[in-house]
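1. I'll drop the sequence and a predicted model, then ask my questions.
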Amino acid sequence: TACTTQTQTQIDRDPKQPGAMAGEKGLVLLDFWVSPFGQRVRIALAEKGLPYEYAEEDLMAGKSDRLLRANPVHKKIPVLLHDGRPVNESLIILQYLEDAFPDAPALLPSDPYARAQARFWADYVDKKVYDCGSRLWKLKGEPQAQARAEMLDILKTLDGALGDKPFFGGDKFGFVDAAFAPFTAWFHSYERYGEFSLPEVAPKIAAWAKRCGERESVAKSLYSPDKVYDFIGLLKKKYGIE
Amino acid sequence: MADVMLLDFWASPFGQRCRIALAEKGVAYEYSEQNLEQKSELLLRSNPVHKKIPVLLHGGRPVCESLIILTYIDEAWPEMMPLLPRDPYARAQARFWANYIDNKIVDCQTRLLTTKGEAQEQAKKDMIGALKTLDSELGDKDYFGGQAFGFVDVAFVTLTPWFYTYEKYGDFSVEEHCPRIVAWAARCRERESVAKALTDPEKVYEIVQEEYGAN
């Protein structure tokens, strides 16, 4: 299988190479179980058939030394370590995998214009979906209503971008699909907090979500919508939100 | 319509990135100045999602978002003056720092110029911190990519005329905290593509004061 169960690895640190974990060959993914950003990387690695070690960072308990060494600038997961060298930012990691493993199945098309389109929509998902979704469950009253209106607009825009294609990548599951698929587990929560129905608002996205869920890479990487909903409840408690 | 067209705004550091890249690659293009108060039909059609400049039109097909445009230019005209390095890890590093500039520096800039009191003090601290991080990343290299002018240099150099404005609003000296960045900016300005694209720092300060109110 593509990943081992979630165990902490003993890493020998080479003090002469800050950030690099000497002696650590291959791919290691520092991640957090429910993170949609981390799940993008898990999906990409599975789609490419690349073996790796999964290392859970318990973000609710704080940030480990290992994470802070690997990503001193942003202190965030996911971080992909390749032979000890860290790559940060989920979409950058996805593009790194394209470049570093050219013989593995590609997520990006080869045509420059099609690549630019894929990058645009992945960037759109990055700029819009998580932030707006967070405001949906964090806020109340008028600000929440605004977030709801924005979320509907975002989903409709993505619905239009998908059009009648089976995937954003066309016939093949691609870069934008990998970037957006993790959020399918959050749709249920967005629907509940935003009081709308996804099949009504964005029917093509709803159908696409089902289609993605049928892929092994996605099914194995995501947690159930109910688990995500419960996790949001935990976050709300943590932030003292009613 | 020319084969390559750039919808842009003269003072935009994001548009300037594209101008520099096209010049470095020796690509002929038509520059089209856009009125941001009254957006043209062409702009709205070309970038319906964000309605922003810059937009690169190649054979009539639009590419939006300046860093995506830079990557597109690099891939569409691969023979001349590569912007991204060949090595996958070095490419990832370049993307990371370009991203950092777009997220951190631009965010600090907005807060530094539009807030007052404690919020502005925090923005100043964050800006100095971010610039020092970049100064450290540059290190003793001639350019961010090493010996050759590249992707991160193009992404960052167009923000350097804004340093004067940061200094005026934040009451600090960029050179004091980041001497290597200041030297690097001067080195970049020796390139014709850069010299032609950048706005004069005094002009930037003037525009910002008009836009956001005097400091």
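-> Received it, and whenever you're ready, just let me know what you need.
2. Need the pLDDT of residue 47.
-> Here I'm looking at chain A. As summarised for this prediction, residue A:47 has a pLDDT of 98.
3. Chain B was what I was after
-> For residue B:47, pLDDT reads 98.
4. Let me know whether it touches residue B:62 as I believe.
-> Yes - the pair residue B:47 / residue B:62 is scored as a contact, 6.4 Å apart, by CB atoms under 8 Å. For the C-beta atoms, the positions are set from N, CA and C on the backbone; glycine is no exception.
5. Give the residues shared as contacts by the two.
-> Common neighbours of residue B:47 and residue B:62 (criterion: CB atoms under 8 Å, 6 or more residues apart in numbering or on different chains): residue B:55.
6. tell me which residues of stretch A:40-47 are tucked away?
-> Neighbour-count burial for stretch A:40-47 flags A:40, A:41, A:42, A:43, A:44, A:45, A:46, A:47 (criterion: 16 or more other CB atoms under 10 Å in any protein chain shown).
7. Contact partners for the first one?
-> With contact set as CB under 8 Å, 6+ apart, residue A:40 has these partners: A:78, A:90, A:91, A:93, A:94, A:178, A:179, A:181, A:182.
8. can we see that at 6 Å?
-> Neighbour list for residue A:40: A:90, A:178, A:179, A:182 [criterion: CB atoms under 6 Å, 6 or more residues apart in numbering or on different chains].
9. now do residue B:89
-> Per CB under 6 Å, 6+ apart, neighbours of residue B:89: none.
10. what helix or strand does it sit in?
-> helix B:88-100 (DSSP states H and E).
11. rewinding a little: and which of the buried residues of stretch A:40-47 is nearest to residue A:108?
-> Residue A:108 has its nearest neighbour among the buried residues of stretch A:40-47 in residue A:44, at 10.6 Å by CB to CB.
12. So the closest one: helix, strand or coil?
-> Going by DSSP: H, G, I helix; E, B strand; the rest coil, the secondary structure assigned to residue A:44 is helix.
13. Please work out how many residues are found near residue 139.
-> With no chain named, the answer covers chain A. 16 (other CB atoms under 10 Å in any protein chain shown).
14. Can you look at chain B instead?
-> Counted by other CB under 10 Å, the residues lying close to residue B:139 total 8.
15. cool, and the one 3 residues further on?
-> By other CB under 10 Å, the residues close to residue B:142 number 15.
16. quick check, nearest of the buried residues of stretch A:40-47 to residue A:69?
-> The closest of these, once distances to residue A:69 are taken by CB to CB, is residue A:41, at 18.8 Å.
17. can I assume the closest one sits in a strand?
-> No - assigned with three-state DSSP, residue A:41 falls outside any strand and is helix.
18. Can you check what pLDDT the model gives it?
-> Reading off the model, residue A:41 has pLDDT 98.
19. repeat for residue A:10
-> Confidence for residue A:10, expressed as pLDDT, is 33.
20. same question, residue A:62
-> 87.
21. how about the residues of chain B near chain A?
-> Taking CB under 6 Å from any CB of the partner chain as the contact definition, chain B meets chain A at B:61, B:63-65, B:68, B:72, B:75-76, B:88, B:91-92, B:95-96.
22. Quick check on the residues you listed: which are buried?
-> So, by 16+ other CB under 10 Å, the buried ones in the residues of chain B next to chain A are B:63, B:64, B:65, B:68, B:72, B:75, B:76, B:88, B:91, B:92, B:95, B:96.
23. Is it possible to get TSV of the residues you listed that adds distance to residue B:204 and pLDDT?
-> Output for those, formatted as TSV (distance: CB to CB, whole Å; pLDDT from 0 to 100):
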residue	distance to residue B:204	pLDDT
B:63	26	98
B:64	24	98
B:65	22	98
B:68	24	98
B:72	27	98
B:75	31	98
B:76	30	98
B:88	36	98
B:91	31	98
B:92	32	98
B:95	27	98
B:96	27	98
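24. got the contact list for stretch B:18-25?
-> Contacts for stretch B:18-25 (CB under 6 Å, 6+ apart): B:6, B:29, B:54, B:69-70, B:73, B:77, B:80-81, B:154, B:193-194, B:197.
25. longest helix of chain B?
-> Counting by DSSP state H, the longest helix found in chain B is helix B:117-138.
26. Go through that helix and flag the buried ones.
-> Buried residues in helix B:117-138, counting neighbours by 16+ other CB under 10 Å, are found at B:120, B:123-124, B:126-128, B:130-131, B:133-135, B:137-138.
27. Sitting in helices, which of the contacts of stretch B:18-25 do you find?
-> With helices taken from DSSP H, the overlap with the contacts of stretch B:18-25 comprises B:69, B:70, B:73, B:154, B:193, B:194, B:197.
28. quick one: the strands in chain B?
-> Assigned by DSSP state E, chain B shows strands spanning B:4-8, B:30-33, B:55-58, B:61-64.
29. Show me which residues of the second one are buried.
-> Read it as strand B:30-33. Buried positions in strand B:30-33, judged by neighbour count with 16+ other CB under 10 Å: residue B:32.
30. tell me what that strand is packed against?
-> Here strand B:30-33 touches strand B:4-8, going by 3 or more CB pairs under 6 Å, 6 or more residues apart in numbering or on different chains; DSSP states H and E.
31. other SSEs contacting the strand it packs on?
-> Against strand B:4-8 (3+ CB pairs under 6 Å, 6+ apart) you get strand B:30-33, strand B:55-58.
32. One more pass at 7 Å, please.
-> helix B:13-24, strand B:30-33, helix B:41-46, strand B:55-58 (3 or more CB pairs under 7 Å, 6 or more residues apart in numbering or on different chains; DSSP states H and E).
33. Out of these, which is closest to residue B:212?
-> That would be helix B:13-24 among those, by CB to CB, at 15.7 Å.
34. chain center to that closest one, what's the gap?
-> 8 Å (CA atoms, centre = their mean, to the nearest Å).
35. quick one, it and helix B:88-100 angle?
-> 140 degrees (axes from the mean of the first three to the mean of the last three CA atoms, to 10 degrees).
36. pull the CA atoms of helix B:13-24 into PDB?
-> Written as PDB, here are the backbone C-alpha positions of helix B:13-24 (Å, rounded to 0.1, in the frame of the first residue of the first chain):
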ATOM      1  CA  PRO B  13       3.900  45.900  -9.800                       C
ATOM      2  CA  PHE B  14       2.100  42.800 -10.900                       C
ATOM      3  CA  GLY B  15       1.800  43.900 -14.500                       C
ATOM      4  CA  GLN B  16       5.400  45.000 -14.400                       C
ATOM      5  CA  ARG B  17       6.500  41.500 -13.600                       C
ATOM      6  CA  CYS B  18       4.900  40.400 -16.900                       C
ATOM      7  CA  ARG B  19       6.600  43.200 -18.900                       C
ATOM      8  CA  ILE B  20      10.000  42.200 -17.500                       C
ATOM      9  CA  ALA B  21       9.500  38.600 -18.400                       C
ATOM     10  CA  LEU B  22       8.300  39.300 -21.900                       C
ATOM     11  CA  ALA B  23      11.300  41.700 -22.400                       C
ATOM     12  CA  GLU B  24      13.800  39.200 -21.100                       C
END
